[in-house]
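Trainee: Give me a 3D structure for the following:
(one chain, ligands or ions: 1)
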Amino acid sequence: MKDGILHGLLCDGQAAIEIISARDTVARAGEIHNASPEVTAALGRALMGARLMCGRLKGEKERLSLTFKGDGPAGSIIAVAGSGGVLKGYAAEPGARAGFRADGKLNVGGVVGSRGTLTVARDSGSGEPYAGVSELVSGEIAEDIAKYYLISEQQPSAVLLGVGFERAEVVSAGGILITPLPGCSQDALEQIERTLSQLRPVSELAQFYQSLEEFLHDSFWEIGARSLEEKQVAYYCDCSRERMLEALFALPKSDREELAEQDEIEMCCQFCGNKYIFKADELV
Ligand SMILES: [Zn+2]
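Mentor: Numbers count the residues shown, from 1 in each chain. Here you go, the predicted model:
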């Protein structure tokens, strides 16, 4: 299936559903950062989570970032999604390993850590940016995001995220986010819960279906699934020479002066690895 995100409704419009398929995006993230399978899975889940949480991105300058600060060997994991197709992220220690869990799955929680925080920063492009923090549950990413919704936004939600591997290659990546809309009945919530409990792992579903439409209708037809809009998804960093220079100018003057002692200053984008070279006189 091609990478994309499908927005839809469940239970006659009582809940919103977003489904993402992002195999190429996740594989690209792993490749850029030369990440271990565990970190690729963690970063991939975080990227899909960020994109799902952005929803339909109606504003021109919307942006959402997730920062997982766990006590695992990967260190902080950052994922950013926003308008203009931005979807990017990195892990502090991309080569970190944690092996496999007892059930044979990659130990994502082990590499992220189960103690720490998830910070969600939202900027709608107009008005004040907003940030909320919650404690990590397991470092498995999806559970951590669900808890964030419950604690910080007082919103129960269902979050499923999965990255499938075969011999260290990403073969599938998928995610589902369901959020009840105002006035959602208890009956609808129970129907959704029942349907989710019977669903196969989301990474398998993303590999099985040819399209997101088919994925949605096949999995949720019993509870009145309706698709609204599909959008493309890709790993995309919006860094530029101008933005890098702005970042340099945000440094204290003394730091800039110290940097300017070199003839050339090389800056590398943490998200995509692009290099930018500045001359000393550009910094003062
Ligand atoms: Zn970049």
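
Trainee: Can you give me the neighbour number for M267?
Mentor: Each residue near M267 was counted by other C-beta atoms under 10 Å, and the total is 17. C-beta coordinates here come from the backbone N, C-alpha and C atoms, glycine included.

Trainee: Who is it paired with across the strands?
Mentor: Y276 (DSSP bridges).

Trainee: now swap in K69 and tell me
Mentor: Here K69, judged by DSSP bridges, has bridge partners T117.

Trainee: I figured it hits T117, correct?
Mentor: Yes - between K69 and T117 there is a contact under C-beta atoms under 8 Å: 5.2 Å.

Trainee: Those two - which one has more neighbours?
Mentor: K69 (18 against 14).

Trainee: Look up the pLDDT of the residue of the stretch 1-150 of the chain found nearest the ion for me, please.
Mentor: Closest to the ion within the stretch 1-150 of the chain is K88: 6.7 Å, counting by C-beta to the ion. At K88, the model reports a pLDDT of 98.

Trainee: That one should be in a strand, yeah?
Mentor: Yes - counting by DSSP: H, G, I helix; E, B strand; the rest coil, K88 is located in a strand.

Trainee: if we look at the helix or strand where H217 lies, which residues are touching it?
Mentor: In the assignment (DSSP states H and E), H217 maps to helix 212-220. Here helix 212-220 makes contact (C-beta atoms under 8 Å, 6 or more residues apart in numbering) with 1, 4-6, 8, 10, 17, 19, 21, 174, 195, 199, 205-206, 209, 225, 227, 230.

Trainee: Now the very next helix or strand once past it: average pLDDT?
Mentor: Per DSSP H and E, the first helix or strand lying C-terminal to helix 212-220 is strand 226-232. Averaged over strand 226-232, pLDDT sits at 96.

Trainee: gap between T195 and Y209?
Mentor: T195 sits 16 Å away from Y209, taking C-beta to C-beta, to the nearest Å as the criterion.

Trainee: Which secondary structure element of this protein has the lowest mean pLDDT?
Mentor: Lowest mean confidence among the helices and strands of the chain (mean pLDDT, DSSP states H and E): helix 253-259, at a mean of 90.

Trainee: ok so, going back, residues in a beta bridge with the residue of the stretch 1-150 of the chain closest to the ion, which ones?
Mentor: Bridge pairing for K88 - DSSP bridges - gives V80.

Trainee: Check whether it really touches G273, as I assumed.
Mentor: No - counting by C-beta under 8 Å, K88 stays clear of G273, with 10.8 Å between them.

Trainee: what do the two both touch?
Mentor: Common neighbours of K88 and G273, using C-beta under 8 Å, 6+ apart, do not exist here.

Trainee: Comparing these two, which residue is more hemmed in?
Mentor: K88 (25 against 14).

Trainee: quick one: contacts for H7?
Mentor: A16, I17, E18, G55, R56, S227, L228, E229, E230, K231.

Trainee: Which pLDDT value goes with the residue lying closest to L57 once chain neighbours are set aside?
Mentor: Leaving aside its sequence neighbours, L57 sits nearest to S83 (C-beta to C-beta, 6 or more residues apart in numbering; 5.2 Å). As predicted, S83 sits at a pLDDT of 91.

Trainee: Which parts of whichever strand or helix holds D144 count as buried, going by neighbours?
Mentor: D144 is located in helix 142-152, with elements delineated by DSSP H and E. By neighbour count on 16 or more other C-beta atoms under 10 Å, the buried set for helix 142-152 is A142, E143, D144, I145, A146, K147, Y148, Y149, S152.
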